[in-house]
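Participant: got a structure for you, letters missing:
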DNA sequence: TATTCGATGTGCT
DNA sequence: GCACATCGAATAC
């Protein structure tokens, strides 16, 4: 695979516009001679200006600093004492917006991902969750402040394909629940399925 | 300095 | 469907 790397200007736009276009793009990590890659299938937008679920909601702290960098910067944070989550910073420098990467479809380096996700029972469990992605790809806070267009972790264009993007409420948050800032590819099995209706049927899919 | 709790994943019921 | 591991960041004091 040899897709074109997305330029900085792709990210320096309205955050929702960027989030809607992320599904289908390819995340590529170079580890020496090895390549890990996967297609993004699910993301969530976080908007500092009006979104109480956003880490950069009306405050500037040591943790959320990378979110104020220019679009195209990587923001990785540590949660629940165990896990890391990967975000792409969007919008202009000084604005605290980012997009959380929640679901990826593995393409290359699947053998390596399996070794790092020893608990994953199926190939779908490898990268269908924000912390799972970081485990499979070996991403931690060292990637904070790195750029998505010139490092060993980059984002590229994807296949020319048609798919339907579904918009829904976000997952795992207690505030800002009303915003439909989650975007994912319809019927893709690598999308997380955390929301259920009362009869146990997964919704948002 | 102390306390609370989280943009999750896993395992058990 | 639910408990819990586990610890750093944020907030309270």
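Facilitator: Cool, the structure landed. This one's a predicted model, so the numbers in the text were calculated from it and none came from an experiment.
Participant: and chain A, which of its residues are near DNA strand C?
Facilitator: A:55, A:59, A:61, A:62, A:63, A:64, A:78, A:80, A:81, A:82, A:196, A:200 (Cβ under 7 Å from any atom of the strand). Where you see a C-beta, it was placed from the backbone N, CA and C, and this is true even at glycine.
Participant: from those, which is closest to residue A:150?
Facilitator: Taking Cβ to Cβ as the measure, residue A:150 lies nearest residue A:64 of the residues of chain A next to DNA strand C, at 22.9 Å.
Participant: I figured the closest one was touching residue A:55, is that so?
Facilitator: Yes. Between residue A:64 and residue A:55 a contact is recorded at 4.3 Å, counting by Cβ atoms under 8 Å.
Participant: Between the two, which contacts overlap?
Facilitator: residue A:96 (Cβ atoms under 8 Å, 6 or more residues apart in numbering).
Participant: so how far is residue A:168 from the nearest residue to residue A:129 once chain neighbours are set aside?
Facilitator: Using Cβ to Cβ, 6 or more residues apart in numbering and skipping the chain neighbours, the partner closest in space to residue A:129 is residue A:192 (5.4 Å). According to Cβ to Cβ, to the nearest Å, residue A:192 stands 11 Å off from residue A:168.
Participant: okay, those two: which has more neighbours?
Facilitator: residue A:192 (22 against 16; other Cβ atoms under 10 Å).
Participant: got a pLDDT number for that one?
Facilitator: The model reports residue A:192 with a pLDDT of 93.
Participant: Secondary structure class of it, three-state.
Facilitator: At residue A:192 the chain is in coil, as set by DSSP: H, G, I helix; E, B strand; the rest coil.
Participant: Sweet, I'm off.
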